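Chemist: Show me the folded form of this:
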Amino acid sequence: MNELALAVFASETGTHLIRPPIGSRWAAHLRTFDTKAYEERLAADGYRFLARSAAAFPPLLRAIHDPPPGLFERGHAGHELLSSPCVAIVGARACSGYGASAARMLARDVARAGLVVVSGLARGIDAEAHRGALEAGGATIAVLGCGIDRDYPAAHAELARRVAATGLIVGEYAPGVAPAPWRFPARNRIVAGLAAATVVVEARERSGALITADLALEEGREVFAVPGEITSSLSAGTNALLKLGASPLTCAADVLSCFGLEPVESTVAAPSGETAQVLALLRDSAAGADEVVRATGLPASVVARALVELELEGQVIAADGVYRPLVG
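Modeler: Numbers count the residues shown, from 1 in each chain. This is a model prediction of the structure:
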């Protein structure tokens, strides 16, 4: 089977294909498709294609019930990254500050332990997962729901560049394919298929992240959910997953244990003086700058300097005017 021809045909016709269809349209496409010329055009643009039948194709993805004909790729990492032990970290696009910090912290910790973080480059939880892995010096894989030549959303072009610099951006769609709503659930099966474990950080009741979790469960993979506030709509999906039997995740060690790994201590030096005092307060409870000033009794200028220092060192994250720790 010419899997590249099939992948291009599926992309051009907007169809979801696992194997060649029956019909004159496919036959005509196959007669005129020049595999070598297409591969040369891909290479000239910095892309490549990994066929499903290739030895380097990730076995976990090949094992799902509807694997893609192959993967289009861009990035500096080799094919072997796709077969490395992976954890998918997914969740809501419109996430809370808590969700963003949790995703980033978890991604940093699992990447620091040597696992590859997989996500979908979307806004919110996905983006924070990629950023956390990169901050730890680890590799991450972004799976697109559009053509391999696009950064979607466009606002994440710089993040995509950073992902590609040390990892991979992959997808089943050929260059030129525009994003479409139906393509993202299809994308999610690849996210789940690459990973031995999937972590859902925040999700509403009908979130796309739940599709990823359902697909992982169907394939017998481990699924974790970060517990959330029972009054928050952003926790409705994750809390429902817990009712269905997903494992609760409260720290990276919970998922690392599935791989027989232990958490790796951060190499960031512990702060001292007033900065340590500010970090200790934030570890007890997220707070805004004014709250930190009142609780510590420190001058506002000292608190501001400490918060900037902690943020630059990647020990806290600011969202919605509130600072949260990125370390345990």
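
Chemist: Which residue ranges of the stretch 201-328 of the chain form helices?
Modeler: Under the criterion DSSP state H, counting those that start in this stretch, the stretch 201-328 of the chain carries helices at the ranges 208-218, 236-243, 252-256, 273-284, 289-296, 300-312.

Chemist: now, of the ones you listed, which is deepest in the fold?
Modeler: helix 208-218 (a mean of 24; mean count of other Cβ atoms under 10 Å). All C-beta spots, glycine's among them, are computed from the backbone N, C-alpha and C.

Chemist: which other residues reach that helix?
Modeler: Outside helix 208-218, the residues within contact range by Cβ atoms under 8 Å, 6 or more residues apart in numbering are 64-65, 88, 90-92, 125, 184-185, 188-189, 191-193, 195, 197-198, 200, 202-203, 222-223, 225, 237, 240-241, 244, 246.

Chemist: Report the distance from that helix to the chain centre.
Modeler: From the chain centre to the centre of helix 208-218 is a distance of 14 Å (Cα atoms, centre = their mean, to the nearest Å).

Chemist: excluding its backbone neighbours, what's nearest residue 62?
Modeler: Nearest residue to residue 62 in three dimensions, chain neighbours excluded: residue 52, at 6.2 Å (Cβ to Cβ, 6 or more residues apart in numbering).

Chemist: Check residue 183 too.
Modeler: residue 145 is the one closest to residue 183 (Cβ to Cβ, 6+ apart), at 4.3 Å.

Chemist: show me what contacts the one you found?
Modeler: Counting by Cβ under 8 Å, 6+ apart, residue 145 has contacts 120, 152, 171, 173, 179, 180, 183, 184, 186, 187.

Chemist: returning to that earlier point: and the residue nearest to residue 62, how far is that from residue 319?
Modeler: 40 Å (Cβ to Cβ, to the nearest Å).

Chemist: Comparing these two, which residue is more hemmed in?
Modeler: residue 52 (20 against 16; other Cβ atoms under 10 Å).

Chemist: OK, contacts around that one?
Modeler: With Cβ under 8 Å, 6+ apart, residue 52 has these contacts: 3, 62, 67, 68, 69, 70.

Chemist: likewise residue 164?
Modeler: Per Cβ under 8 Å, 6+ apart, neighbours of residue 164: 74, 75, 76.

Chemist: Neighbours of residue 42, how many?
Modeler: Based on other Cβ under 10 Å, the number of other residues close to residue 42 is 20.

Chemist: What strands line up against the least confident helix or strand in the chain by mean pLDDT, and which way round?
Modeler: Within the chain, no helix or strand scores below strand 316-319, which has a mean of 79 by mean pLDDT, DSSP states H and E. Sheet pairing of strand 316-319 (DSSP bridges) gives strand 322-325 (antiparallel).

Chemist: Now do stretch 319-328: distance to the chain's middle.
Modeler: 20 Å.

Chemist: in it, what's buried?
Modeler: Of all the residues in stretch 319-328, those buried under the rule 16 or more other Cβ atoms under 10 Å are 319, 322, 323, 324, 325, 326, 327.

Chemist: So which of the residues you listed is the closest to residue 292?
Modeler: Proximity of the buried residues of stretch 319-328 to residue 292, judged by Cβ to Cβ, is greatest for residue 323, which lies at 7.4 Å.

Chemist: for the stretch 201-328 of the chain, which spans come out with low pLDDT?
Modeler: 267-268, 327-328 (pLDDT under 70).

Chemist: Run through who's touching the least confident helix or strand of the chain.
Modeler: For strand 316-319, using Cβ under 8 Å, 6+ apart, the contacting residues are 96-97, 100-101, 104, 279, 282, 307, 310-311, 323-326.

Chemist: how about the CA coordinates for it, as CSV?
Modeler: C-alpha atoms of strand 316-319 as CSV (Å, rounded to 0.1, in the frame of the first residue of the first chain):
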residue,chain,number,x,y,z
VAL,A,316,6.1,30.5,40.2
ILE,A,317,3.7,31.3,37.4
ALA,A,318,1.4,34.4,37.3
ALA,A,319,-2.1,34.1,35.9
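
Chemist: Show me how far that strand is from its chain's centre.
Modeler: 19 Å.

Chemist: Stretch 97-116 too?
Modeler: For stretch 97-116, the distance to the chain centre is 10 Å (Cα atoms, centre = their mean).
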